[in-house]
Structures are given as C-alpha cells and as structure tokens.
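A.B. asks: The following comprises the amino acid sequence and a computationally predicted model.
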Amino acid sequence: MTEQRTAIQRLDYTPPAFLIDRVDLTFELEETHTRVLSRLVLKRNPAHPTADAPLVLNGEELSLESIKVDGRQLTPGEYELGDVTLTIPNLPAEAILEIANTINPLSNTTLSGLYVSSGNFFTQCEAEGFRRITYYLDRPDVMAKFTTTIVADKTRYPVLLGNGNRVGQGNLDKNRHWVKWVDPFKKPSYLFALVAGKLVVLADRHTTASGKTVNVEVWVEPGEQDKCHHALASAKAAMKWDEERFGLEYDLDTYMIVAVSDFNMGAMENKGLNIFNTKYVLAKPETATDVDFDGIEAVVGHEYFHNWTGNRVTCRDWFQLSLKEGLTVFRDQEFSSDIGSRAVQRISNVRVLRERQFPEDAGPQAHPIRPDSYLEINNFYTATVYEKGSEVVRMYQTLLGREGFRKGMDLYFKRHDGQAVTCDDFANAMQDANQFDLTQFKRWYSQAGTPQLTVEGVFDQAAQTFALTVRQSAPATPGQPEKLPYHIPFAVGLLDQNGSELKLTLQGEDAAEAATSRVLHVREAEQTFVFTGISSKPVPSLLRDFSAPVKLDYPYTDDELVFLIAHDTDPFARWEAGNTYLVRLLLQLYRAGDTPKAPEQLVAAFARLLTQDRLDPALVALMLELPSENYLFEAINDVDPARLHAVHHGLTQSLARELRSQLFAAYQKQHTGVPYRYSAEEAGRRSLQNVCLSYLAELDEPMMAELLSNQYRRADNMTDRLAALKALIQRDGAETWLDDFATMWQDDALVMDKWFALQALSDRPGTLSRVQKLMEHPAFAITNPNKVRSLIGAFCHSNLVAFHAADGYGYAFAADRVLQLDKLNPQIAARMAACFNRWTRLEPGRRALMKAELERIAREPGLSSDTFEIVSKALQAGQ
Ligand code: TRP
Ligand code: ZN
C-alpha cells in the first residue's frame with residue numbers, strides 16, 4: 001500500500017492563536033435543517049508565536065450562511081472556506097464573531113455532532129464533534145463560558161436540555177418554544193451537549209457534605225422509568241463516595257443523565273448533562289444481568305467522576321487523553337471496590353486488562369498511554385489509554401500510599417482547577433505533594449509494550465536468607481525498538497510450608513517493623529532483594545494485588561501453584577496461581593493435541609474449592625473459570641484457533657465429568673430460589689451457581705437438560721435465565737428456546753442485543769449464515785452500534801471457531817461489514833477492523849486469508865481516516 005496520510009504529532013503542540021471567552025449559541029431545531037447561530041467573544045492569545053495569525057476555525061459538513069465581525073457582515077473575499085476549515089485573516093486583538101450555519105441531523109449516521117435517534121435530538125462532541133455543529137476552535141485548550149438557547153416544536157420536543165442551569169423559557173409562534181441554559185464554568189467544546197425530545201425523568205435529591213442540595217435526574221424515553229432506579233442510586237452513591245474519598249463535591253444545581261439507544265461508546269461526561277448509552281442506564285432484574293448492573297454502577301460513577309477529573313481540570317490536547325481517562329477509570333474502579341467486593345473487582349479488572357490491553361500492547365496498534373502521534377483521535381479511546389492508564393494511576397497510589405495519593409490529588413486540583421493541562425502536570429503534583437522522585441516512573445507515559453518481569457528465588461539454608469532476583473525487560477513496539485527500565489512497584493509476600501505468612505525483613509533493615517506484605521521498588525534491569533531470617537524454603541507470593549501492569553515469570557512447580565491456590569492470603573495472587581496453572585496446562589494440551597484429561601491434582605484442587613464452606617462464592621467462581629481462548633491465543637505462535645477451541649472445550653468437559661457430584665452439590669447449594677436482589681454478595685452466589693451450571697451443561701444427560709430448562713423457566717431474573725439459555729442453545733432443540741426468548745423480549749432492544757450475541761458466539765456449525773440471516777431481522781439495524789457490536793462484533797472479536805473458519809468466509813464477512821460501516825459510521829467501522837489486528841500470529845493459511853482481506857479494505861477509495869489508520873498499521877505489522 002502506498003497511500004500516505006499526515007499524522008498529528010504530540011511534539012508539534014502550539015497554543016491557539018485566539019482564545020474564546022464566551023459563546024452564545026442558538027439552535028433552531030429541525031430534523032433535516034437545523035439552524036445554528038453562534039456568537040463568539042474572541043481575543044488574540046499572547047502565548048501564540050505570531051502576533052497577526054489568522055483565525056482558523058474547524059468546521060465539517062456545515063452549510064455556512066453568514067459571518068459578521070463586530071456587527072459587520074463579511075463579504076466572501078474576506079474569509080476563506082476550506083473543506084474542514086474557515087479562515088478569517090486580519091482580525092483585531094479583540095472581536096465579536098457571529099456565524100450562522102445549518103446542518104442536517106437526520107442524515108447524520110456518524111453519531112458525532114448533532115443527530116437524531118428515535119425522533120429525539122442528541123449531541124456527541126468528544127473528541128472532535130463540535131466542529132460538525134458550528135465553526136469553532138474545536139480543541140480542548142480553548143475554554144469558554146457557554147450559553148445555549150434551544151428553539152423547537154413544542155409537541156415533538158417538549159423537553160429541551162443543555163449544559164449548566166436553566167435560566168429561562170417561553171413560548172413562540174407556530175407552536176414553538178424555547179429554553180435557555182447557562183453554564184457558569186469555562187469548558188472546552190467537547191463537553192458541550194444538547195438534548196431535545198419526548199423524554200421522561202426519574203429524579204431524586206442529594207445533599208452534599210457542605211449542605212447543598214443537588215437534583216439528580218435520569219431522563220429516558222416514556223415507559224422506561226422503572227428501569228432507572230439503579231442508575232439513579234448509583235449516581236447518588238458516586239456523589240457521596242467522591243466527597244468522602246477525595247473531598248470533591250458536585251458544583252451545579254442539577255446533575256442530569258440522559259439515555260440514548262444510538263451511541264458510539266458507553267457514555268459521555270458533558271458538563272451537567274451526561275449522555276449515556278441506554279445499555280449503561282436501563283436495568284431491572286427481569287431484563288439486566290448482574291454484569292449489566294455492575295456496568296451501570298461503574299459507568300455512572302465514571303461519568304460523574306469526570307466532573308472533576310476531565311471537566312474542572314481538562315486536557316491540554318488529545319495526546320493527554322489518559323490524564324482524564326486513566327485517572328477516571330481508576331476512580332470508578334475504586335468506587336466499585338469500596339461499595340462492592342474489592343477482590344472480585346480487582347480480579348475482573350486484571351482480566352479485562354489482559355484480554356484487551358495486553359494484545360493491543362503486543363500488536364500493530366501498540367502505543368504508550370500518552371501516544372506520540374495519531375491520524376484519527378477516535379482510534380485512541382483504547383484499552384491502553386483507559387485500562388493501562390488506570391493501572392499507572394494505581395501505581396502512584398501503591399508507591400505513595402493512599403494518603404500520599406490524596407495529597408497529590410489535592411495539589412493537582414489546587415494548582416489546575418479551570419485549566420487544560422498535561423500528564424506531566426499530574427505527575428508533578430504527585431511528586432511535589434510527596435517529595436517523591438517520579439522521574440523514572442514517568443517512563444510509563446512514554447513507552448509502549450507490556451514489561452516482562454523474570455524472577456528467580458534462591459533459598460540459602462546456612463545464611464537463612466531468601467533472595468529474589470528480578471530482571472525486567474520490555475519488548476520492541478512499532479516505532480520504539482529500545483526501552484529503558486521502568487520504576488515498578490512489585491508487591492510480594494512469602495509463605496512457609498504451613499501456608500503462614502513470613503515477616504519480610506530486607507538485608508540491613510530492622511526486623512522489628514517487618515510486615516508480611518511489602519512493595520519492592522524495582523528500578524534496574526536486574527536487581528536482587530535478600531530477605532533475612534528465613535529458616536526454611538518459602539513459596540513466594542508475587543505481584544500481589546497485581547501491583548504493576550506487567551507479565552510475570554517465576555519458575556513455580558505445579559505443586560507450588562496448587563499450594564498458593566490453597567493458602568495465599570492475597571486474593572489476586574491466589575486467583576493468579578490458579579490462572580498460571582491453567583494457562584500452563586492448556587498450552588501443554590494444545591501442543592500435545594490429544595483429547596484433554598484434567599490432571600488429578602487439578603481435579604482435587606477444584607473439588608476443594610467447591611466443597612469448602614468458608615470460601616467466598618464469588619472468588620470460587622472466578623477460580624473455576626478457565627482462562628479465555630482469546631487470552632491463550634496470545635501465548636501461541638502460528639495459532640490454529642480451531643485446535644485451541646477444541647482443547648479448551650475438551651478440558652471443560654473433562655472437568656465436568658470428573659467433578660460431576662461436587663458441581664451438582666455446589667449448584668444446588670447456591671441455587672437458592674430466593675427472590676432476586678442485586679448486591680455484591682448475591683451476585684457472587686449467582687456467579688458460582690452459573691459457573692457450576694455451565695460445567696454441568698457439558699454432560700450429555702437428560703437430567704442436565706432438565707436442570708437447564710427448569711432454571712430457564714423459573715428464573716425471576718435475567719442473570720439466571722440467560723445463563724440457562726446460553727447452555728440450552730448448545731444442545732438440540734436450540735430453536736425452540738431462542739424463539740421462546742425472542743417472543744418474550746422482542747420489544748426490549750437491550751435484551752434483544754443479548755439474543756443476537758448468544759447466536760453470534762455459538763460454536764455450532766452454520767453460525768456465519770445465521771449471523772448473515774440475523775442482519776435481516778426486524779430488531780437488527782446496521783446504524784445502531786449496540787446491534788452491530790452484539791451481532792457482528794461478537795462474531796468477529798469473540799467467536800474463535802466461526803470467525804476463524806479455515807475457508808476464510810468469516811474474514812470476508814468481517815471485511816464486507818467494515819466497508820459497509822465505513823460509509824455510515826467510521827468510528828464503529830474502525831473498531832470492527834481491529835478484529836484483523838492479530839493476523840500475523842495465526843498459522844500460515846489463515847494469516848494469508850486475513851492479509852488478503854486487510855488489503856481489500858485498504859484498496860477501497862475514500863476510506864475514512866479511522867479505518868485507514870487501523871488497517872494500514874495492521875498491514876505494516878507484516879513487513
Ligand atoms: N469521554 C467518554 C468517556 O467517559 C468517552 C466517549 C464517549 C467518547 N463517547 C465518545 C469518545 C465518542 C469518543 C467518541 O470515557
Ligand atoms: Zn471517561
């Protein structure tokens with residue numbers, strides 16, 4: 001491929017030529033012809049290098065009507081209208097610019113800018129959507145005070161919402177009305193929002209620590225209020241938590257959440273007016289699973305927390321995205337840990353990191369959490385920026401302690417409230433508040449790739465010492481062949497033969513203060529830590545609580561891993577011992593290629609987990625789940641996905657046979673039949689119940705079929721019903737169950753998403769043609785991202801068997817969909833195209849087939865920058 005496009009470089013940052021103090025916007029809403037009037041109060045920016053630079057505004061897909069400067073209309077010769085810019089030269093030091101333009105929200109399928117969904121109007125402006133509404137300096141370091149006046153038909157759009165506080169409303173002729181909103185806080189354009197339509201509200205109040213009353217509102221389509229209680233409760237819990245943990249209060253009279261069914265991502269933190277994907281708002285026990293409830297709590301928390309980490313303090317430029325996203329993911333993870341189970345939360349977060357971020361860091365799109373260049377910023381809302389970014393923030397807390405971290409946060413807000421800043425500003429606040437040198441730690445922002453820690457332990461009986469030698473290395477990534485050593489917080493413990501924790505005293509330290517768990521500071525390429533007073537060979541418990549986003553290699557024996565499964569007191573490390581054991585076993589089975597049989601040692605360990613009463617069911621469930629196929633995929637060269645799936649499934653079946661009675665007893669114990677309640681404890685119980693069910697479903701016995709159909713029929717909640725359905729459709733008679741479910745839920749879009757995904761994930765023959773047929777189903781729509789993700793995304797990203805069919809039809813289908821979506825919604829197309837990222841890891845036959853499809857996409861004329869960037873980087877990986 002020869003086409004070259006110019007990337008934006010982080011180091012090219014220059015301050016804007018103009019600043020905007022105030023923006024007054026008026027919207028005359030019409031589906032196909034909305035008129036936008038914008039009045040900007042501008043001044044030259046003294047920080048810009050040239051004194052007479054022209055004003056260059058961004059603008060895309062806009063029809064310009066008129067421009068006035070200080071009340072005088074400009075003639076066409078006085079400005080230059082480009083494809084994506086509007087340039088106005090010769091402006092004075094201060095000016096008032098008035099622009100009128102029109103847009104067509106109805107034809108906007110990109111879901112960026114102003115668009116129509118189910119007859120209502122919504123906006124999405126992050127990252128660069130505001131330029132699709134009006135001409136503007138659409139960059140986050142231009143912060144202005146906004147007012148928004150919305151004018152619309154009163155019958156079709158009774159509710160008109162904007163940022164900030166509502167200050168006025170009134171009626172106009174022709175059945176129209178208007179509402180005016182004032183946002184008292186300066187903000188960048190990406191935080192602008194507007195909503196108009198037929199919506200209803202579920203509302204409550206929150207009283208802040210300082211005694212202020214805040215209205216908390218959740219706006220949804222009529223008839224959906226009964227599904228808003230969890231989102232509303234989560235918002236109130238988030239407000240309380242941020243006051244207690246970080247001393248941060250809400251700063252407007254009203255906090256609004258609005259749900260929309262057509263949305264590119266999870267949710268958006270627009271000032272005072274968060275807009276959410278319905279998936280992260282609507283839930284009741286009959287329609288939503290425990291995982292959905294967890295997701296709502298996390299995303300509501302996330303968007304709410306952005307009010308301080310993102311909005312009050314925002315990003316100077318988009319390379320700093322992790323400044324707000326990594327920090328806010330960390331905050332939402334801590335919120336979920338504090339109100340639910342910290343151990344379950346930590347293990348789940350690490351699983352997501354490993355399954356989504358590690359492959360990204362090892363593949364063609366690898367980038368540091370603060371990238372150095374991009375073609376399309378929308379491609380950088382990644383697992384790296386979000387999830388690894390959160391791990392980097394967590395490491396500050398691990399290094400500085402909770403109190404030290406809080407001091408750093410306080411200083412960050414004290415210094416930067418109302419500003420657009422950089423990742424360095426955050427690191428400096430942490431450093432200065434704690435007098436702690438973070439120079440080396442900052443490499444986490446600039447280097448891509450997952451570091452590898454290779455650890456050895458040597459016990460010296462005579463000296464009574466145990467020496468841990470830690471070597472760190474980091475793989476080459478695109479554009480970064482060499483890496484410097486990181487500063488890694490490495491949390492460890494040592495267990496004696498009885499499973500008791502030993503006191504950890506490093507050579508030269510006072511033994512009196514010794515703790516049983518401590519954080520070692522790894523800074524060198526190779527470093528040895530000698531623990532003294534160790535009288536017998538210990539088993540080390542390493543990388544406790546997953547103290548750093550690294551890969552760990554320690555030459556544990558299988559017996560030592562089984563020992564840690566039984567004794568480690570750190571819940572993450574305990575789970576990790578099982579995970580390490582299972583990964584090792586599955587990789588051995590993959591290489592051997594025979595029908596898998598579960599080793600006795602594993603059967604015995606699982607049996608103990610299933611029968612010991614004192615264990616937390618949620619943690620047992622996590623321990624019983626095999627490492628995912630997508631995770632194992634990364635550990636195998638020239639991988640044959642069909643073989644991998646067969647091994648994974650074979651081990652599952654063997655475990656089911658060997659543990660039949662224990663699984664059955666545990667299932668019956670957990671399947672209590674008490675009415676559904678969402679709580680960490682109850683969700684944990686259900687997860688163990690349903691893990692047992694998934695194993696039992698592997699047994700070809702009439703009794704198990706009955707167990708499944710009973711659970712399906714009697715369930716009072718979606719968690720249990722869906723778990724049963726998932727297993728039922730792997731058996732004969734799948735159609736009956738699928739039809740039953742669809743008949744019951746055809747009018748609930750989010751439930752139908754689950755129905756589509758279940759079918760797209762099936763490993764039974766004929767799945768591709770079923771997916772193709774389902775694209776014609778009345779509940780499917782190619783313009784709706786949730787539908788695309790449920791059906792096409794699930795198939796392409798997660799169906800190891802059908803997507804990777806040896807004939808290449810799965811790949812051809814994926815490429816067709818990428819090309820189809822690219823014309824409608826480039827952001828969604830680019831995310832779909834990422835299913836080709838790992839093509840060089842496949843066995844030669846599939847590798848060639850994937851490459852051919854990548855090349856076919858790349859040849860398409862007029863490809864969006866979104867898809868072009870993903871596909872061209874993927875192809876470069878093969879060179
Ligand atoms: N800032 C949003 C968040 O909370 C991300 C987001 C929502 C987004 N919608 C988007 C990013 C559309 C890009 C495009 O994480
Ligand atoms: Zn976010």
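C.D. replies: That came through fine. Ligands and ions are numbered 1, 2, ... in the order given.
A.B. asks: Tell me which helix or strand the residue in the stretch 701-850 of the chain that ligand 2 sits nearest to sits in.
C.D. replies: Proximity of the stretch 701-850 of the chain to ligand 2 (C-beta to the ion) peaks at residue 827, 15.4 Å away. Backbone N, C-alpha and C define where each C-beta goes, glycine included. Per DSSP states H and E: residue 827 is located in helix 826-833.
A.B. asks: Same question for residue 202.
C.D. replies: Using DSSP H and E, residue 202 falls in strand 200-207.
A.B. asks: Now that strand: average pLDDT?
C.D. replies: Strand 200-207 comes out with an average pLDDT of 98.
A.B. asks: Pull up the pairing partners for it, direction included.
C.D. replies: Using DSSP bridges, the strands paired with strand 200-207 are strand 213-220 (antiparallel).
A.B. asks: quick revisit: please name every helix or strand in contact with the helix or strand following the helix holding residue 827.
C.D. replies: The helix or strand immediately downstream of helix 826-833 is helix 844-859, counting by DSSP H and E. Using 3 or more C-beta pairs under 8 Å, 6 or more residues apart in numbering; DSSP states H and E, the elements in contact with helix 844-859 are helix 809-824, helix 865-876.
A.B. asks: close enough to count as contact, residue 577 and residue 568?
C.D. replies: Yes - if you go by C-beta atoms under 8 Å, residue 577 and residue 568 touch, sitting 6.2 Å apart.
A.B. asks: Contact residues of this protein facing ligand 2?
C.D. replies: 325, 328 (C-beta under 5 Å from the ion).
A.B. asks: Just the closest residue of the stretch 401-550 of the chain to ligand 1, please.
C.D. replies: residue 420 (15.0 Å; C-beta to the nearest ligand atom).
A.B. asks: from memory that residue sits against residue 318, does it?
C.D. replies: No - counting by C-beta under 8 Å, residue 420 sits too far from residue 318 to count as a contact (11.0 Å).
A.B. asks: Give me the common contacts of those two.
C.D. replies: When contacts are counted by C-beta atoms under 8 Å, 6 or more residues apart in numbering, residue 420 and residue 318 have residue 140 as shared neighbours.
A.B. asks: per-residue confidence at the residue lying farthest from the centre of the chain?
C.D. replies: If you look at how far each residue of the chain sits from its centre, by C-alpha atoms, centre = their mean, the farthest one is residue 462, at 50.7 Å. Note for residue 462: predicted pLDDT of 98.
A.B. asks: SS state for the closest residue to ligand 1 within the chain?
C.D. replies: Closest contact between the chain and ligand 1, by C-beta to the nearest ligand atom, is at residue 265 (3.6 Å). When classified by DSSP: H, G, I helix; E, B strand; the rest coil, residue 265 comes out as coil.
A.B. asks: Looking at stretch 230-237 now, give me its mean pLDDT.
C.D. replies: On average, stretch 230-237 scores 98.
A.B. asks: Same question for stretch 340-356.
C.D. replies: On average, stretch 340-356 scores 98.
A.B. asks: Residues touching that stretch, excluding its own?
C.D. replies: 294, 297, 333, 336-337, 383, 387-388, 390-391, 545-546, 549, 571-572, 575, 616, 618-619, 622, 628, 630-631, 680, 684.
A.B. asks: With stretch 766-775 instead?
C.D. replies: 756, 759-760, 762, 780, 782, 791-792, 795, 799, 801-802, 805, 809-810, 813.
A.B. asks: Of these, which qualify as buried by neighbour count?
C.D. replies: 756, 759-760, 762, 780, 782, 791-792, 795, 799, 801-802, 805, 810, 813 (16 or more other C-beta atoms under 10 Å).
A.B. asks: Out of the residues you listed, which two sit at the greatest distance?
C.D. replies: Across the buried ones among the contacts of stretch 766-775, the longest distance by C-beta to C-beta is 24.2 Å; it joins 782 and 801.
A.B. asks: Let me know the secondary structure of residue 862.
C.D. replies: Secondary structure state of residue 862, per three-state DSSP, is coil.
A.B. asks: okay, now it: neighbour count?
C.D. replies: Using other C-beta atoms under 10 Å, the number of residues around residue 862 comes to 7.
A.B. asks: give me every residue that touches it.
C.D. replies: So residue 862 contacts nothing (C-beta under 8 Å, 6+ apart).
A.B. asks: give me the low-pLDDT residue ranges for the chain?
C.D. replies: For the chain, the stretches with pLDDT under 70 are 1-2.
A.B. asks: Output the longest helix belonging to it.
C.D. replies: Longest helix in the chain, counting residues (DSSP state H): helix 389-416.
A.B. asks: of all the residues in the stretch 251-400 of the chain, which ones are close to ligand 1?
C.D. replies: Listed as neighbours of ligand 1 in the stretch 251-400 of the chain under the rule C-beta under 6 Å from any ligand atom: 264-265, 267-269, 302-303, 325, 378, 381.
A.B. asks: at 8 Å what do you get?
C.D. replies: Those residues of the stretch 251-400 of the chain that sit near ligand 1, judged by C-beta under 8 Å from any ligand atom, are 263-269, 299, 302-303, 306, 310, 324-325, 328, 377-378, 381, 386.
A.B. asks: For those residues, which PyMOL command selects only the ones that are buried?
C.D. replies: Remark: buried members of those, expressed as a PyMOL selection using 16+ other C-beta under 10 Å:
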select buried, resi 263+264+265+267+268+269+299+302+303+306+310+324+325+328+377+378+381+386
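A.B. asks: So which of the residues of the stretch 251-400 of the chain next to ligand 1 belong to strands?
C.D. replies: The members of those that map onto strands under DSSP state E are 267-268.
A.B. asks: And the helix or strand residue 685 falls within, what does it pack against?
C.D. replies: Using DSSP H and E, residue 685 maps to helix 680-696. Counting contacts by 3+ C-beta pairs under 8 Å, 6+ apart, helix 680-696 packs against helix 290-305, helix 617-624, helix 641-658, helix 660-670, helix 702-714, helix 718-728.
A.B. asks: Not counting its own residues, what contacts the second one?
C.D. replies: By C-beta under 8 Å, 6+ apart, the surrounding residues in contact with helix 617-624 are 341, 343-344, 347-348, 565, 571, 574-575, 578, 606, 609-610, 670, 680, 683-685, 687-688, 690-692, 695.
A.B. asks: Name the next helix or strand following that helix along the chain.
C.D. replies: Counting by DSSP H and E, what follows helix 617-624 is helix 629-633.
A.B. asks: Contact residues of this protein facing ligand 1?
C.D. replies: 111-112, 124, 126-127, 129, 263-269, 299, 302-303, 306, 310, 324-325, 328, 377-378, 381, 386, 827.
A.B. asks: Now stretch 29-42: buried residues?
C.D. replies: Neighbour counts using 16+ other C-beta under 10 Å place 29-30, 34-38, 40-42 of stretch 29-42 among the buried residues.
A.B. asks: swap that for stretch 70-79, sorry
C.D. replies: residue 79.
A.B. asks: just how off-centre is it within its chain?
C.D. replies: 45 Å (C-alpha atoms, centre = their mean, to the nearest Å).
A.B. asks: Check the gap between the residue in the stretch 101-250 of the chain that ligand 2 sits nearest to and residue 381 for me.
C.D. replies: Using C-beta to the ion, the single residue of the stretch 101-250 of the chain nearest to ligand 2 is residue 126, 8.8 Å away. Residue 126 sits 9 Å away from residue 381, going by C-beta to C-beta, to the nearest Å.
A.B. asks: Perfect, that will be all.
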